[in-house]
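Colleague: sequence and computational prediction follow.
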Amino acid sequence: MKQRIFIINNLITSILISFALLSISRVIFFIFNLESFSHFHFSELLQSFSFGIFFDSVYIFYALSPFIIFLLLPFHFKTKKLAYLSAKFYFSFVVGLGFLLNLIDSIYFHYSHKRTGKELFYMIADSANPIGSYFLNYWYLLIILSILVYITFKIYPKYKAVSLAKYTLADLPVTLAIIAISVLGMRGSIGLKPLRSVDASRYALPELEALTLNTPFQIISSLESKKPSNPFAPVQFTQKFDSTQTKFYGNSPIVKGKKNIVLIILESFGRNRIGFLTTDEKKMVSATPFIDSFSKFCLVFPNCYANGSKSIDAVPALFASLPSLLEQPFIYSWYQANTIRGIHFYLDQIGYNSSFYHGAANGTMGFESFLKKAGPIEYFGLDQYNGNRNTDYDGNWGIYDHIYLHYYNKELEKKTQPYFSSIFTLSSHPPYKIPNNISPLLPNLPNEMLKSIAYTDYSLKLFFEERAKSSDNQNTIYILIGDHTANSDNDYFYSAKGQMELFCMIYDPTGEIKPGVNNRIVQQLDMMPTILNLCNYPNSFFSLGNSFFDIKSTGRAFFEMYGSLHIVEDEHIYSETTTREQKFRYFPKQYYKLPIPFFENQRLEENMKSTLYQLIGVFYDKMEKNHFY
């Protein structure tokens, strides 16, 4: 009997240790992302932490199932010291792995704004990702991990040399009870269905979903995920809607002739980082002095939204009007083999040559594969760079921005007109490396993130000074847009709305597109129809976005964030979770405070709800039929 009690105590102690350590990792996640959660009430945070235990149980009982089975086996060898040590090492490994995954997301959440699923394995497998530099830059996480694993190893129940009595029928109820508890733990629920990631919004605020979940659970959930389906089907529509979303701008020229188009995608340039677009109560020095002054010569769209939270979401959105609505980025998703047609597919039909430049290793985030799949395009990555890699490489991601933009200008000067070309900057990305000779030329700013933004801003200044001397400059239209947002000192920019706000502006050296401010709601999905409109594309095409200049359509943006779907129109935002929790809010333009006020207008709310449902419906229908074009 004593032997049985020892084994059961061993099992219970191990499980309790696991729960305690995963809870500690949640505290660490909270501390590292305090700016995202500090504005919530203590009771809301406590609720999130409390219900997080149920999601922890799924990983714990899944991962410890071999361990539990081993302790329940009616064999004498499990009392031997070798078997004991094997169990101890396995237990420490499982707990350490769970802790490590949560630590990774404690940092990566700054950029993804959600818990990471199986896409983590794709990112690790991506040879272009500088995994080693992450460990060097966040070395303190390895120290935390080592300390916790050591503690786990030390507090594990000590070995006792015991002999195991024969099993009898009296032992069966205990064994069955442990099995039942384990199965219940794997499910995380006594309901008809096991816990899913989406269930987090049932137990806590959608904005606290990432705090309620844990990364090992999210990975397990995404590994088990089935073919995506429309979360809002079937729905009832309250307004007429173009279910084909076919666009035609052949009779709506914005500029004359065939202009070159240069699309500049700026890493981490959210609206909150652009000096002239943000009301800064602290009166900090602007990190974007060049963009601030250059904007006076541009058509500025201050109400621009991202359709995803990561760089890997931005390229499909900008080039093919693909929103980020799936559990994984489209490039890694169930539908990655679908036929996709991008800007360059259509421009090729009217004589444009297309190119994409990114100073990182070829294959980074699947950009090259996706873009070539979406149409004829020349891809220029690190493999094609012909400069001095020893001095020009930043040691982490790729070529320094000011050097690569200089190289890019020389490349543009060699191109046959008309052309469409895009460049994706990279220096304003962790670990924020800035060349020593340029750092003294930048504004005095309080952190490395802002300094990297200022560095890219300075690089743009040099680029446009060079472009002004190029023979093709007068025949070129430049579009600048951010890929996603970055950290902020303002809680508003961690709300579902603020988290997606970018900046975008268009520069036409000839002035045919007049400088000014256009307050229309625009989104990354609008980039493809906008560029086709600017290039006077003569045929119809499919897009979930609209041209920035489309006077027949209402500007809008829709996106997924914090486990909810959102649509923004004019000065209103409608949000709905997949469990049908609804919110309708009003926000004045240039409104940077929380909370965003609720608003009563049932007719407008129903119209926005219906539009959101139908946009989501069109997306899933087109994906299912492999006809997203």
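Modeller: Yep, that arrived. Just so it is clear, the structure is predicted and the values come from calculations on it, not from any experiment.
Colleague: going by C-alpha atoms from here, please, whenever you check contacts or count neighbours.
Modeller: Fine.
Colleague: in the stretch 1-150 of the chain, which ranges drop under the pLDDT threshold?
Modeller: Residue ranges of the stretch 1-150 of the chain with pLDDT under 70: 1-7, 75-79, 125-133.
Colleague: so where do the helices sit in it?
Modeller: 2-32, 34-37, 42-63, 65-72, 81-112, 119-125, 131-137, 139-155 (DSSP state H, counting those that start in this stretch).
Colleague: now tabulate these in a markdown table and tack on distance to Tyr432 and mean neighbour count.
Modeller: Below are the helices of the stretch 1-150 of the chain laid out as a markdown table (distance: least, Cα to Cα, whole Å; neighbours: other Cα atoms under 10 Å):
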| stretch | distance to Tyr432 | mean neighbour count |
| --- | --- | --- |
| helix 2-32 | 18 | 17 |
| helix 34-37 | 20 | 18 |
| helix 42-63 | 32 | 20 |
| helix 65-72 | 42 | 17 |
| helix 81-112 | 14 | 18 |
| helix 119-125 | 19 | 14 |
| helix 131-137 | 10 | 13 |
| helix 139-155 | 16 | 15 |
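Colleague: turn those helices into a markdown table, columns for distance to Ser252.
Modeller: Shown next, in a markdown table, are the helices of the stretch 1-150 of the chain (distance: least, Cα to Cα, whole Å):
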| stretch | distance to Ser252 |
| --- | --- |
| helix 2-32 | 50 |
| helix 34-37 | 43 |
| helix 42-63 | 51 |
| helix 65-72 | 64 |
| helix 81-112 | 38 |
| helix 119-125 | 41 |
| helix 131-137 | 48 |
| helix 139-155 | 55 |
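Colleague: quick one: closest of those helices to His566.
Modeller: Closest to His566 of the helices of the stretch 1-150 of the chain is helix 81-112 (Cα to Cα; 17.1 Å).
Colleague: report the angle between the axes of that closest one and helix 42-63?
Modeller: Helix 81-112 and helix 42-63 meet at an angle of 140 degrees, taking axes from the mean of the first three to the mean of the last three Cα atoms, to 10 degrees as the criterion.
Colleague: roughly how far out does helix 81-112 sit from the chain middle?
Modeller: Centre-to-centre, helix 81-112 and its host chain are 24 Å apart (Cα atoms, centre = their mean, to the nearest Å).
Colleague: what angle sits between that helix and helix 2-32?
Modeller: Counting by the same axes, to 10 degrees, helix 81-112 lies at 20 degrees to helix 2-32.
Colleague: okay, angle between helix 81-112 and helix 65-72 too, please.
Modeller: Put simply, helix 81-112 runs at 160 degrees to helix 65-72, going by the same axes, to 10 degrees.
Colleague: one step back: what's the closest of the helices of the stretch 1-150 of the chain to Leu172?
Modeller: Closest approach to Leu172 among the helices of the stretch 1-150 of the chain is made by helix 65-72 (10.3 Å; Cα to Cα).
Colleague: which parts of the stretch 151-300 of the chain are helices?
Modeller: Under the criterion DSSP H, counting those that start in this stretch, the stretch 151-300 of the chain contains helices at 172-187, 200-203, 209-212, 215-223, 289-294.
Colleague: buried sites along the longest one?
Modeller: Within helix 172-187, the residues that qualify as buried are Ile178, Ile179, Ser182, Val183, Leu184, Gly185, Met186, Arg187, counting by 16 or more other Cα atoms under 10 Å.
Colleague: for His627, which of the helices of the stretch 1-150 of the chain is the nearest?
Modeller: When the helices of the stretch 1-150 of the chain are compared by Cα to Cα, helix 119-125 sits nearest His627, at 24.7 Å.
Colleague: so which elements touch the closest one?
Modeller: Using 3 or more Cα pairs under 8 Å, 6 or more residues apart in numbering; DSSP states H and E as the contact test, no helix or strand touches helix 119-125.
Colleague: and that helix, how far out from the chain's middle?
Modeller: With Cα atoms, centre = their mean, you get 14 Å for helix 119-125.
Colleague: among the helices of the stretch 1-150 of the chain, which is nearest Asp394?
Modeller: Nearest of those to Asp394, taken as Cα to Cα: helix 131-137 at 11.2 Å.
Colleague: okay, the helices of the stretch 151-300 of the chain in CSV with mean pLDDT next?
Modeller: What follows is the helices of the stretch 151-300 of the chain, written out as CSV (pLDDT from 0 to 100):
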stretch, mean pLDDT
helix 172-187, 86
helix 200-203, 72
helix 209-212, 88
helix 215-223, 85
helix 289-294, 97
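Colleague: need those helices in TSV with distance to His402, can you?
Modeller: Formatted as TSV, the helices of the stretch 151-300 of the chain follow (distance: least, Cα to Cα, whole Å):
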stretch	distance to His402
helix 172-187	51
helix 200-203	43
helix 209-212	36
helix 215-223	37
helix 289-294	14
